[in-house]
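S.K.: Pasting the sequence and the predicted model now:
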Amino acid sequence: MTLSPAFHSYGSSEDLAEALAAGVAAVLAGAIATRGAATLAVSGGSTPKRFLERLAETEIDWGCVTVTLVDERWVPETDERSNAAMVRRHLLTGHAARAQFLPFYLEAPAPEDVADELRMRFLRLARPFDVTVLGMGADGHTASFFPGADHLDRAIDPDTDEPVALIRAPAAVEPRVTLTLPLIVDTRFLALHIEGDEKLAVYEAALQPGPVDKMPVRAVLRAPRDELLAVFWAP
Ligand SMILES: O=C(O)[C@H](O)[C@@H](O)[C@H](O)[C@H](O)COP(=O)(O)O
């Protein structure tokens, strides 16, 4: 059964960052208390930076946390477009520097050259994740589920056993590697973090009936889950 998302709106990006960081830290601390470990998957781009900085300040036992990405642009961490570099800069500092980090990028011209290594790397990740935080583009993509992407059907196949998908799409700029839909929705706390009026309108349009491939965030919105998807929005 697909439950309607829980929508949380905040007066400012800073208020949202504080609230989302507190919520994520609480879920991670709960996982550490019960299992001695926690897994966090975060998205790249620009929106998460303030939230990740607030999360880095929380005093949970970061040494028990594995941090990974929802998706990555196929560039080295020296490239300003690298999501891994953004996460290291904004999250893996201070208290959170002790977390174990599992990035995607491997030294190879194309992700297809290391597809088996990527598959094995992410097959080993404990499931379900404890926290997954998604972003969304103004075109209705999330993760690297871009409209018009090649292999999009494989990436959003709810029945795939593959942990990652290799994506190429005009809007994606670089080749992408993304967690597949089952890994993304198989998480205890799933959040969609969007900011601005434009993305709010895109989110509301994505809630309406329509083809998934035109607004692939719909694959997440429609995925049957026991727990509510939590949407965090600020103007
Ligand atoms: O690699 C990426 O770009 C992200 O993982 C992607 O899915 C992101 O969440 C959206 O593109 C929104 O990006 P902004 O936050 O920069 O608008």
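M.R.: Yes, it's here. Predicted model only: the values in this text are computed from it and were never measured. Numbering: from 1, shown residues only.
S.K.: can stretch 145-153 be found next to the ligand?
M.R.: No. Stretch 145-153 stays out of contact with the ligand when judged by CB under 6 Å from any ligand atom, the minimum separation being 7.9 Å. The C-beta positions use only the backbone N, C-alpha and C, and glycine is treated the same way.
S.K.: pLDDT weak spots in this structure?
M.R.: Scanning the chain for pLDDT under 70 picks out 1-2.
S.K.: Make sure Val62 is actually in contact with Arg98.
M.R.: Small correction: residue 62 is Trp, not Val. Yes. Counting by CB atoms under 8 Å, Trp62 sits close enough to Arg98 to count as a contact (4.3 Å).
S.K.: packing partners for the lengthiest helix in the chain?
M.R.: Across the chain, the helix with the greatest residue count (assigned by DSSP state H) is helix 13-35. In terms of contact count using 3 or more CB pairs under 8 Å, 6 or more residues apart in numbering; DSSP states H and E, helix 13-35 is assigned the packing partners strand 38-42, helix 49-56, strand 129-134, strand 187-195, strand 230-234.
S.K.: how about the strands in this structure?
M.R.: Counting by DSSP state E, one finds strands in the chain at the ranges 6-9, 38-42, 65-69, 71-73, 100-102, 129-134, 164-167, 176-179, 187-195, 230-234.
S.K.: Can I get those strands in a markdown table including mean neighbour count?
M.R.: Written out in a markdown table, the entries for the strands of the chain read as follows (neighbours: other CB atoms under 10 Å):
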| stretch | mean neighbour count |
| --- | --- |
| strand 6-9 | 14 |
| strand 38-42 | 25 |
| strand 65-69 | 22 |
| strand 71-73 | 25 |
| strand 100-102 | 15 |
| strand 129-134 | 25 |
| strand 164-167 | 25 |
| strand 176-179 | 26 |
| strand 187-195 | 22 |
| strand 230-234 | 20 |
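S.K.: on that earlier part again, identify whichever of the helices and strands packed on helix 13-35 lies nearest to the ligand.
M.R.: Proximity to the ligand, assessed across those by CB to the nearest ligand atom, is greatest for strand 129-134 (6.5 Å).
S.K.: Centre of the chain to the closest one, how far?
M.R.: Using CA atoms, centre = their mean, to the nearest Å, the mean C-alpha position of strand 129-134 is found 6 Å from that of the whole chain.
S.K.: partner strands of that strand, parallel or antiparallel?
M.R.: When pairing is defined by DSSP bridges, strand 129-134 lines up against strand 38-42 (parallel), strand 187-195 (parallel).
S.K.: what's the angle between the last one and helix 49-56?
M.R.: Orientation check (axes from the mean of the first three to the mean of the last three CA atoms, to 10 degrees): strand 187-195 against helix 49-56 gives 140 degrees.
S.K.: got the angle between strand 187-195 and helix 13-35?
M.R.: In terms of direction (the same axes, to 10 degrees), strand 187-195 departs from helix 13-35 by 170 degrees.
S.K.: got the CA coordinates for strand 187-195 in CSV?
M.R.: Taking only C-alpha atoms (Å, rounded to 0.1, in the frame of the first residue of the first chain), the coordinates of strand 187-195 have been written out as CSV:
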residue,chain,number,x,y,z
THR,A,187,15.2,2.2,4.6
ARG,A,188,13.8,2.9,8.0
PHE,A,189,13.6,6.7,7.6
LEU,A,190,13.2,7.9,4.0
ALA,A,191,13.3,11.7,3.5
LEU,A,192,12.9,13.9,0.5
HIS,A,193,14.6,17.3,1.0
ILE,A,194,13.5,20.0,-1.4
GLU,A,195,13.7,23.8,-1.2
